[in-house]
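Asks: Give me a model of this one.
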Amino acid sequence: MKFKPLINLRSTTIFKAFLLNALMLALVAGMSIELRRYMDIRSQTKNLSSFRKMVITIIGTIIIGFTLFILARFLLGYGGGLLAASPTYSHFW
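Replies: Residues are numbered from 1 along each chain as shown. Prediction:
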């Protein structure tokens, strides 16, 4: 079965590549900051050391990144890039 994204925003120009990359980086960074802020507010995590909060934030950021990049691949066709071969989207991965 051939893969087609829901919205085809494949990075075929430098402008689209920068735009999509900036969007993805902003989403990952924003969600990571909110994760850390949430841990500082919650009473269950207030007693954790700074090191443990950092480790949880790093692991959470990795999970957030993977999730967002897979969603962006499915929804926008993210990840094809300017160097992609011409027969594109033959498979999801």
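
Asks: all helices for the chain, in order.
Replies: Along the chain, counting by DSSP state H, helices occupy 14-41, 50-76.

Asks: Please spell out which residues along the last one are buried.
Replies: The neighbour-count criterion (16 or more other CB atoms under 10 Å) identifies 53, 57, 60-61, 64-65, 68, 72-73, 76 as the buried residues of helix 50-76. C-beta coordinates here come from the backbone N, C-alpha and C atoms, glycine included.

Asks: Next: the first one.
Replies: Buried residues in helix 14-41, defined by neighbour count with 16+ other CB under 10 Å: 17, 20, 24, 27-28, 31-32, 35, 39.

Asks: so for that helix, what's the average pLDDT?
Replies: For helix 14-41, mean pLDDT rounds to 91.

Asks: List of residues touching stretch 28-45?
Replies: 46, 48, 53, 56-57, 60-61, 64-65, 68 (CB atoms under 8 Å, 6 or more residues apart in numbering).

Asks: Let me know which of the helices of the chain is the nearest to residue 3.
Replies: Among the helices of the chain, the nearest to residue 3 by CB to CB is helix 50-76 (8.7 Å).

Asks: I'd like the average pLDDT over that closest one.
Replies: 93.

Asks: re the thing from before, mind putting the helices of the chain into a markdown table with distance to residue 3?
Replies: Listed next are the helices of the chain as a markdown table, based on distance: least, CB to CB, whole Å:
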| stretch | distance to residue 3 |
| --- | --- |
| helix 14-41 | 17 |
| helix 50-76 | 9 |
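
Asks: so which of the ones you listed comes closest to residue 4?
Replies: Short answer: helix 50-76, nearest of these by CB to CB, at 10.1 Å.

Asks: who's sitting farthest from the centroid in the chain?
Replies: residue 47 (29.5 Å; CA atoms, centre = their mean).
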